[in-house]
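1. Need coordinates for the below:
(one chain, ligands or ions: 2)
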Amino acid sequence: MAVLVTGGAGYIGSHMVWELLDRDEEVVVVDNLSSGFEWAVAPEARLCRGDVADKGLICRIVEEHGVDAIIHFAGSVVVPESVARPLSYYENNTCRSRALIEAAVESGVKSFIFSSTAAVYAGGGAAPLDEEAVVAPQTPYGMSKLMVEQILRDVSVAHPLSFAALRYFNVAGADPKGRTGQSTAGATHLIKVVSEATLGKRSHVDIYGTDYDTPDGTGVRDFIHVSDLVGAHYLALQRLRAGGGNLVANCGYGHGYSVREVIASARKVSGREVPVREAPRRPGDLASVIADAGRARKELKWAPSFDDLDGIVETSLAWEDRLTRKNSAA
Ligand SMILES: NC(=O)c1ccc[n+]([C@@H]2O[C@H](COP(=O)([O-])OP(=O)(O)OC[C@H]3O[C@@H](n4cnc5c(N)ncnc54)[C@H](O)[C@@H]3O)[C@@H](O)[C@H]2O)c1
Ligand SMILES: O=c1ccn([C@@H]2O[C@H](COP(=O)(O)OP(=O)(O)O[C@H]3O[C@H](CO)[C@H](O)[C@H](O)[C@H]3O)[C@@H](O)[C@H]2O)c(=O)[nH]1
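-> Ligands and ions are numbered 1, 2, ... in the order given. Sure thing, here's the model as predicted:
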């Protein structure tokens, strides 16, 4: 029995691979390395360089390795880019996922876990969003993911395939053992940007908007540590293998921190100055996005271990530092 992890050379996927190996699972990775790194894949996993839409490749891997479950992280992830290049996002995130699901059905894979996102919700209020909140993606990125959720729902009715679609809120931090982290240059995620600025890899952090209706005027987000996130995927895998049925569930902690609080945390944890510049609001940003993750806690018995902003920032800074030394040694 083996687990196929698509996008296993990327940020979240590379953590998933370590999580599975730590639990003695056999792991095969399919990644086209469009934004991932070969070195990010744990050496004990088998990396097949290729595209998730290559049905021949997927079916061959399923057969050769006895794959019983697919965890599908591969995709394009930059929200503003999806607004500028919608066709490319619908192609990579929706059409290629459809092809992968078809390969899963044809090769008899029974369990499928999909990376969905809080970007499927309309959002807007300050209250935590549960899975019954209004779903109305504001960007092609969010819609490209919601369409895959619907494909999975329909396919699971017609074929013996069960799925979990996990809707991530703001994923951050890095493996506490320092084995992997967020490595993409030019990333736009707040905690990555703050980590780079703290270590002098950027001149400053732009604070996008200081006049939101939030306690300190800056945007508030529910930051979930990547290790807790992949832990939820492992629980979802166990549920599906045990015949537990389909699940759509939010992944977040249920409370948020503002942009200023994140910057203050980086200053505290590092003891360094973090230069900031107040900037206008970023188009499309909401004031506050918080998860109600009651369903994941109830259905998966998910109990997070890293719900601590300073800890998240600390692991992110540690990885950033490691990455700097790794890149300068190369
Ligand atoms: N990072 C977040 O905050 C966040 C939030 C919500 C959802 N997600 C979802 O989680 C998943 C992983 O995100 P990430 O942050 O690790 O991104 P990432 O860019 O680090 O990883 C994506 C990986 O997929 C690979 N890939 C892309 N298209 C492929 C294809 N067609 N075939 C094979 N490989 C392909 C890339 O090379 C990369 O290794 C994505 O589906 C993303 O939409 C991420
Ligand atoms: O340099 C920066 C970067 C971000 N921000 C602010 O920090 C907050 C978080 O922004 P991110 O870009 O880190 O994340 P988003 O909330 O925009 O989006 C993230 O969460 C979404 C779900 O809500 C999707 O999952 C998406 O993939 C993921 O990038 C926002 O208020 C943003 O304005 C700054 O002030 N400066």
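2. Okay, helices next: where are they in the stretch 101-250 of the chain?
-> Ranges of helices in the stretch 101-250 of the chain, per DSSP state H, counting those that start in this stretch, are 140-158, 190-198, 226-241.
3. To residue 255, which of the ones you listed lies closest?
-> helix 226-241 (13.7 Å; Cβ to Cβ). Placement of C-beta: from N, CA and C, glycine included.
4. The closest one: which residues count as buried?
-> If you call a residue buried by 16 or more other Cβ atoms under 10 Å, then helix 226-241 has these buried ones: 226-237, 239-240.
5. Name the residues of the stretch 1-150 of the chain found near ligand 2, please.
-> Proximity of the stretch 1-150 of the chain to ligand 2 (Cβ under 6 Å from any ligand atom) is limited to residues 77, 79, 117-119.
6. export the residues you listed to TSV and tack on neighbour count, distance to residue 184 and pLDDT?
-> Formatted as TSV, these follow (neighbours: other Cβ atoms under 10 Å; distance: Cβ to Cβ, whole Å; pLDDT from 0 to 100):
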residue	neighbour count	distance to residue 184	pLDDT
77	24	9	95
79	19	14	90
117	24	17	98
118	23	20	97
119	23	18	96
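7. ok, which pair from those is furthest apart?
-> 77 and 118 (13.0 Å).
8. Give me the average confidence score over the helix or strand residue 13 falls within.
-> Assigned by DSSP states H and E, residue 13 belongs to helix 11-22. Taken as a whole, helix 11-22 has a mean pLDDT of 98.
9. Let's have the buried residues of helix 226-241 in JSON lines, adding distance to residue 126.
-> Below are these laid out as JSON lines (distance: Cβ to Cβ, whole Å):
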{"residue": "226", "distance to residue 126": "25"}
{"residue": "227", "distance to residue 126": "28"}
{"residue": "228", "distance to residue 126": "23"}
{"residue": "229", "distance to residue 126": "23"}
{"residue": "230", "distance to residue 126": "28"}
{"residue": "231", "distance to residue 126": "27"}
{"residue": "232", "distance to residue 126": "24"}
{"residue": "233", "distance to residue 126": "28"}
{"residue": "234", "distance to residue 126": "32"}
{"residue": "235", "distance to residue 126": "29"}
{"residue": "236", "distance to residue 126": "28"}
{"residue": "237", "distance to residue 126": "33"}
{"residue": "239", "distance to residue 126": "31"}
{"residue": "240", "distance to residue 126": "34"}
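10. Redo the helices of the stretch 101-250 of the chain as CSV? Include mean pLDDT.
-> What follows is the helices of the stretch 101-250 of the chain, written out as CSV (pLDDT from 0 to 100):
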stretch, mean pLDDT
helix 140-158, 98
helix 190-198, 98
helix 226-241, 98
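11. out of these, nearest to residue 65?
-> helix 226-241 (15.6 Å).
12. Could you export the helices of the stretch 101-250 of the chain as a markdown table, including distance to ligand 1?
-> Converted to a markdown table, the helices of the stretch 101-250 of the chain look like this (distance: least, Cβ to the nearest ligand atom, whole Å):
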| stretch | distance to ligand 1 |
| --- | --- |
| helix 140-158 | 6 |
| helix 190-198 | 9 |
| helix 226-241 | 8 |
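13. mind checking which of those helices is nearest residue 206?
-> The nearest among the helices of the stretch 101-250 of the chain, by Cβ to Cβ, is helix 190-198 at 8.2 Å.
14. helices or strands up against that closest one?
-> When contacts are defined as 3 or more Cβ pairs under 8 Å, 6 or more residues apart in numbering; DSSP states H and E, helix 190-198 packs onto strand 170-172, strand 205-208, helix 259-270, helix 309-329.
15. any idea which of the ones you listed is most buried?
-> strand 170-172 (a mean of 23; mean count of other Cβ atoms under 10 Å).
16. Can you give the distance of that one from its chain's centre?
-> 7 Å (Cα atoms, centre = their mean, to the nearest Å).
17. near ligand 2, anything from it?
-> Yes: judged by Cβ under 6 Å from any ligand atom, strand 170-172 and ligand 2 are in contact via residue 170.
18. tell me what that strand is packed against?
-> Helices and strands touching strand 170-172, as assessed by 3+ Cβ pairs under 8 Å, 6+ apart, comprise helix 190-198, strand 223-225, helix 226-241.
19. Now with 10 Å, please.
-> Counting contacts by 3 or more Cβ pairs under 10 Å, 6 or more residues apart in numbering; DSSP states H and E, strand 170-172 packs against helix 11-22, helix 190-198, strand 223-225, helix 226-241, helix 309-329.
20. Dump the ones you listed to TSV, plus distance to residue 113.
-> Formatted as TSV, the helices and strands packed on strand 170-172 follow (distance: least, Cβ to Cβ, whole Å):
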stretch	distance to residue 113
helix 11-22	9
helix 190-198	24
strand 223-225	16
helix 226-241	5
helix 309-329	23
